[in-house]
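K.L.:
Next one to model:
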Amino acid sequence: MTPETLLNIRNLSKQYNGNSSNASALSIFAGLNLEIYKNQITSIVGPSGCGKSSLLNMISELDTDFTGTIDRNIQHMIGYIFQDDALIPWKTVSENILLGVRLKHGNSFDGSRCNDLMRQYGLYEYRDFYPQMLSGGMRQKVALAQMMINNPDLVLLDEPFSSQDFFTKIQLENLFYRNIKDNKLSAILVTHDIDEAIALSDRIIVLSQKPCRIMKDITIEFRQSAKEVLPEQVREMSTITSYFADIYQTLKPDL
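P.N.:
Residues are numbered from 1 along each chain as shown. As a prediction, this is how the structure comes out:
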């Protein structure tokens, strides 16, 4: 069955102009075409500076200075998680999680959803703590809950787990994966970690150096079955090696 299109990116082009009259324009994208499908986790990997984060910013409409089109089949909203959390330091864990929905809906929003998320993420006993009292992994859990409480159609993640130690990263990957799949959401993950991309994704897009083009579009075959496999279980599978080698050899000339 053909998956339903969530984003249809056509002929996307973007360039940065130099500050001086002698500086030449830097082309980031030159006619990029890409479709993103519903209910999938799509990872984007590529060399540093190739435009991965710029692409997320254009999808989210934080950046509208480009040519081409991005058609969004979004019913509700797009959520965005950055490498560094944007928690408000003078607000508690529960207040940070509720911040966005309370701004949108006021105090009438039912706080029980927040309590459920805090219990699910192991945050409930820290609900009255401030961000500076938490570890990096706990802060990222708060950021994830803050985003999930809004029920986004699409979740954008820009290297959200890169600053975590290995075991915290695995825990966060599992938590994120369960949330996306259990709630039938869609996600686009930008990462430099090939193993992470394979462990989490239904599909991996490999980008070139700028001007950015798609070098490879990889479907993760074991994700096509009905049985869900957690990221930590994927890392123990022998098939991860062939995917890693394929992506690494594709990227190697551009590194």
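K.L.:
Now do the helices in the stretch 151-255 of the chain.
P.N.:
With helices called from DSSP state H, counting those that start in this stretch, the stretch 151-255 of the chain shows them at 166-182, 194-200, 231-234, 240-251.
K.L.:
right, and these - which one's nearest Phe29?
P.N.:
With C-beta to C-beta as the criterion, Phe29 lies closest to helix 240-251 of these, at 17.9 Å. C-beta coordinates here come from the backbone N, C-alpha and C atoms, glycine included.
K.L.:
Show me which positions of stretch 170-186 end up buried.
P.N.:
Neighbour counts over stretch 170-186 (16 or more other C-beta atoms under 10 Å) mark 170-177, 179-181, 185-186 as buried.
K.L.:
Specify which member of the residues you listed is nearest to Asn8.
P.N.:
Taking C-beta to C-beta as the measure, Asn8 sits nearest to Ser186 out of the buried residues of stretch 170-186, at 13.4 Å.
K.L.:
Can you give me the distance of the closest one to Met77?
P.N.:
To Met77, Ser186 is 12 Å away according to C-beta to C-beta, to the nearest Å.
K.L.:
Find residues that contact each of these two.
P.N.:
Both Ser186 and Met77 are contacted by Asp153, under the criterion C-beta atoms under 8 Å, 6 or more residues apart in numbering.
K.L.:
quick one: what helix or strand has the closest residue to Gln146 other than its chain neighbours in it?
P.N.:
Spatial nearest neighbour of Gln146, excluding adjacent residues (C-beta to C-beta, 6 or more residues apart in numbering): Ile97 at 4.9 Å. Applying DSSP states H and E as the criterion places Ile97 in helix 93-105.
K.L.:
nearest spatial neighbour of Ser27, skipping sequence neighbours?
P.N.:
Nearest non-adjacent residue to Ser27, counting by C-beta to C-beta, 6+ apart: Pro211, 4.2 Å away.
K.L.:
Contact partners for the one you found?
P.N.:
By C-beta under 8 Å, 6+ apart, the residues touching Pro211 are 27-30.
K.L.:
Could you identify the most distant pair in those?
P.N.:
Greatest spacing in the contacts of Pro211, by C-beta to C-beta: Ile28 and Ala30 (8.2 Å).
K.L.:
Low-confidence regions, the protein specifically.
P.N.:
1, 18-23, 105-110, 226, 254-255 (pLDDT under 70).
K.L.:
ok, now with 50
P.N.:
Across the chain, nothing is flagged by pLDDT under 50.
K.L.:
And the helices of the stretch 151-255 of the chain: which comes nearest Gln120?
P.N.:
Checking the helices of the stretch 151-255 of the chain against Gln120 by C-beta to C-beta gives helix 166-182 as the closest, at 8.1 Å.
K.L.:
What is that closest one packed up against?
P.N.:
Contacts defined by 3 or more C-beta pairs under 8 Å, 6 or more residues apart in numbering; DSSP states H and E place helix 166-182 against helix 136-148, strand 186-190, helix 194-200, helix 231-234.
K.L.:
Pick the most deeply packed of these.
P.N.:
Mean neighbour count (mean count of other C-beta atoms under 10 Å) peaks for strand 186-190 among the helices and strands packed on helix 166-182, with a mean of 26.
K.L.:
Alpha carbons of that strand, as PDB, please.
P.N.:
Extracted in PDB, the C-alpha atoms of strand 186-190 (Å, rounded to 0.1, in the frame of the first residue of the first chain):
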ATOM      1  CA  SER A 186       5.400  11.300  11.800                       C
ATOM      2  CA  ALA A 187       9.000  12.500  12.500                       C
ATOM      3  CA  ILE A 188      12.000  13.900  10.700                       C
ATOM      4  CA  LEU A 189      15.300  13.400  12.500                       C
ATOM      5  CA  VAL A 190      18.500  15.200  11.600                       C
END
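K.L.:
And the contacts of that strand?
P.N.:
Strand 186-190 is contacted from outside by 6, 36-45, 52-53, 55-56, 59, 153-160, 176, 180, 196-197, 200-201, using C-beta under 8 Å, 6+ apart.
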